[in-house]
Structure formats: structure tokens, C-alpha cells
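Undergrad: Below: sequence and its predicted model.
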Amino acid sequence: MKPVLLLAELFVFVLLLSACSSSSDQKDLQDFMDETKRRPQGQIDPLPPFKPYQPFSYSAMTLRSPFERPAPVEKETKGGRTVEPDLTREKEYLEGFNIVSLSMVGTLAKGGKLWVLIDDGQGKVTPVTIGNYIGKSFGKIISTEKTQLEVMEIIADGSNGWVERPRIIKLVAKE
């Protein structure tokens, strides 16, 4: 009886296995595989070129930590007096512009003086020399050279006082 039962179980197993592999149920799968094999094979893009690592050199190690309070700054004096702008002086044309919007575009030598040509960013070029004022921070021109202009600005220090800040405007090279 056992061999007959084993034979019957084997017959049922083979019958189930053959039912699962019916080729008519998997025709769509076979068509998809055939179509995929007929398509042209694509090209794989090459890997991007390797860029070597550029190490960063931290050079601010000797500077003050941004988490520490800055040392108290004493008011700067010039000739024994506190620095402050002359608010009664009549403003010059270039004092109506922010100094970062001004650019040096050339120089002229006239009457033994070197005149610097300043572009105001709005299409107007103005000649200035030592003693003229430019920028909104009471910037006085203290020196002129053929390639740069030195300005001393007087800015508020945040505690009802004024401090001087030097600034250099370099000649803009046209390409």
C-alpha cells in the first residue's frame, strides 16, 4: 500500500509541476524577453575623471577665537583729538555713492597733479585727486598712484564715537 501511495503522490506532484509550466500562460513574458534581446545594446558612460583632493591649510589658528569677546578698543585720536567727520562741510558728488560701487578706471596728469578717474557705476566718470571726498562714509582721498587710490574713511564705532578705516581702490583692468 505504501508504494501505491508514494506513486500517487509523485503523480500529483508531476501533474502540478506541469500545470505551472504551461507555455501558453507565459507567452507575454517570452515575447517581452525576445523583444528585449532584439534591441540594440546601449553604451555605458565612462566614469568622470578623478579630481585629486586639495588639502586646506587653516591659517587662522593664531587669530582671536570667534567665541571670545574682543579686546576693548580705545577711541582713536588724531593729533590729540578724537576723530570725527566734518558734518558742516558741503558734500561732493561722489559722496552720494557707496564706495564699493565706485571703481577706478584711469588716471590723468594735469598741472603737476595726478587725477584719478572714478566711474560711479551709472555711466559718469569723475576726476578726483588728493583731498577730495568719496563714498558715504566720509572717505577722504589721502594718496593717488597710477594703479590705486588710498581713501581714509571715518565710520561710527558703535559707541557714539568715530574711527578711521583705510580703504584702497585699485585700477580696474578691462578685458
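TA: Arrived safely, thanks for sending.
Undergrad: can we go C-alpha only for contacts and neighbour counts from here?
TA: OK.
Undergrad: mind listing what residue 146 touches?
TA: 106-107, 114, 116, 171 (Cα atoms under 8 Å, 6 or more residues apart in numbering).
Undergrad: Which of these fall in helices?
TA: The members of these all map outside helices under DSSP state H.
Undergrad: out of these, who's nearest residue 132?
TA: Among the contacts of residue 146, residue 116 lies closest to residue 132 (Cα to Cα), at 10.6 Å.
Undergrad: Which of the contacts of residue 146 ranks first by neighbour count?
TA: Neighbour counts for these, by other Cα atoms under 10 Å, peak at residue 116, which reaches 25 neighbours.
Undergrad: Can you give me the distance of that one to residue 100?
TA: Relative to residue 100, residue 116 is positioned 16 Å away (Cα to Cα, to the nearest Å).
Undergrad: quick one, phi/psi of residue 167?
TA: Per-residue torsions, residue 167: phi -140, psi 140 (degrees, to the nearest 10).
Undergrad: Name the residues linked to it by a beta bridge.
TA: residue 151 (DSSP bridges).
Undergrad: Grab the two from the contacts of residue 146 that are most spread out in space.
TA: Most distant of the contacts of residue 146, by Cα to Cα, are 114 and 171, 13.9 Å apart.
Undergrad: Residue 134 against residue 100, yeah?
TA: No - checked against Cα atoms under 8 Å, the pair residue 134 and residue 100 is beyond contact range at 10.5 Å.
Undergrad: Looking at those two, which has the bigger crowd around it?
TA: Shown here are residue 134 and residue 100; by other Cα under 10 Å, residue 134 has more neighbours (25 against 10).
Undergrad: Need the pLDDT of that one.
TA: The score at residue 134 is 94. That number is its pLDDT.
Undergrad: measure it to residue 121 for me?
TA: According to Cα to Cα, residue 134 and residue 121 sit 13 Å apart.
Undergrad: I'd assumed residue 117 was in contact with residue 107.
TA: Yes - contact status for residue 107 versus residue 117: in contact at 5.5 Å, counting by Cα under 8 Å.
Undergrad: Ranking helices and strands of the chain by mean pLDDT, which lands last?
TA: Using mean pLDDT, DSSP states H and E, strand 77-78 stands out as the lowest-scoring helix or strand of the chain, at a mean of 55.
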